[in-house]
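Colleague: Quick one: sequence and predicted model below, then my questions.
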Amino acid sequence: AQIKEVQFVRSSNRPKDCPKDGRPEFAILGRSNVGKSSLINALVKKKEIALTSKKPGKTQLINHFLVNKSWYIVDLPGYGFAKASESARMDWSSFTKGYFLNRETLVAVLLLIDASVPQQKIDLDCANWLGRNDIPITFVFTKCDKMKGGKGTRPDENIRSFQELIRQNYKQQPPWIMTSSVTGLGRDELLLHMSQLRNF
Ligand code: GDP
């Protein structure tokens, strides 16, 4: 399940410009600042690989990274960027929704949720939308090393209340993994999980 090699392949502006080689892919999605670049770096163990744009809402690119010459990690623009205008946020959602609904090689969305803060409406909206559209999802809770987070809440409590709030939009509870890019928690579990979903 380990990552031996990662190559940046392409940035696509539209879903139809994405690679057409049929290889399976995992889309990584989350609010700006959720810890997405840190997680990708931790997975790949290379500092320079995550080329995530720091200005979501401006640069809308779907970034494909080919792993071990056999499957893709897809870095999607972060959502909920505080500085993005209302229209930029709308663009984000139609853009990304188009990708989710039309990408046949998508194995699962890894939705990153910051476990160190209480649940955020935008994360719940995104999780509920994916659930209602039957898009396979794994919740990846980030920053689980933080014992006390925003408003004095704890990661395990934040995770439990998040799961409770999205439950009605899912036929089955989606898989979920606790991670920390600081301690390495969940890294191997996540890699194994992805290899099981791919079947190789
Ligand atoms: P991105 O905007 O989603 O790509 O988020 P970054 O990876 O740039 O991380 C945002 C901030 O959260 C940075 O200050 C990171 O150092 C911090 N961060 C990311 N992952 C973790 C984590 O697992 N634990 C802790 N304590 N901080 C983290």
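Modeller: That came through fine. Residues are numbered from 1 along each chain as shown.

Colleague: C-alpha only now, for contacts and for neighbours.
Modeller: Will do.

Colleague: where do the helices sit along the chain?
Modeller: For the chain, the helices defined by DSSP state H cover 36-44, 86-102, 121-132, 155-166, 187-198.

Colleague: Which of the ones you listed has the lowest mean pLDDT?
Modeller: Within these, confidence is poorest for helix 86-102, with a mean of 74 (mean pLDDT).

Colleague: separation between the residue lying farthest from the centre of the chain and residue 143?
Modeller: In the chain, counting by Cα atoms, centre = their mean, residue 152 sits farthest out from the average C-alpha position, at 25.2 Å. Noted for residue 152: a distance of 14 Å to residue 143, by Cα to Cα, to the nearest Å.

Colleague: Same question for residue 185.
Modeller: Applying Cα to Cα to residue 185 and residue 143 gives a distance of 9 Å.

Colleague: Same question for residue 6.
Modeller: 24 Å.

Colleague: Please see if the top strand by length along the chain touches the ligand.
Modeller: Longest strand in the chain, counting residues (DSSP state E): strand 106-114. No. Contact between strand 106-114 and the ligand is absent, the nearest approach being 8.4 Å (criterion: Cα under 6 Å from any ligand atom).

Colleague: cool, stretch 22-35 as well?
Modeller: Yes. Applying Cα under 6 Å from any ligand atom, one finds stretch 22-35 in contact with the ligand at 32-35.
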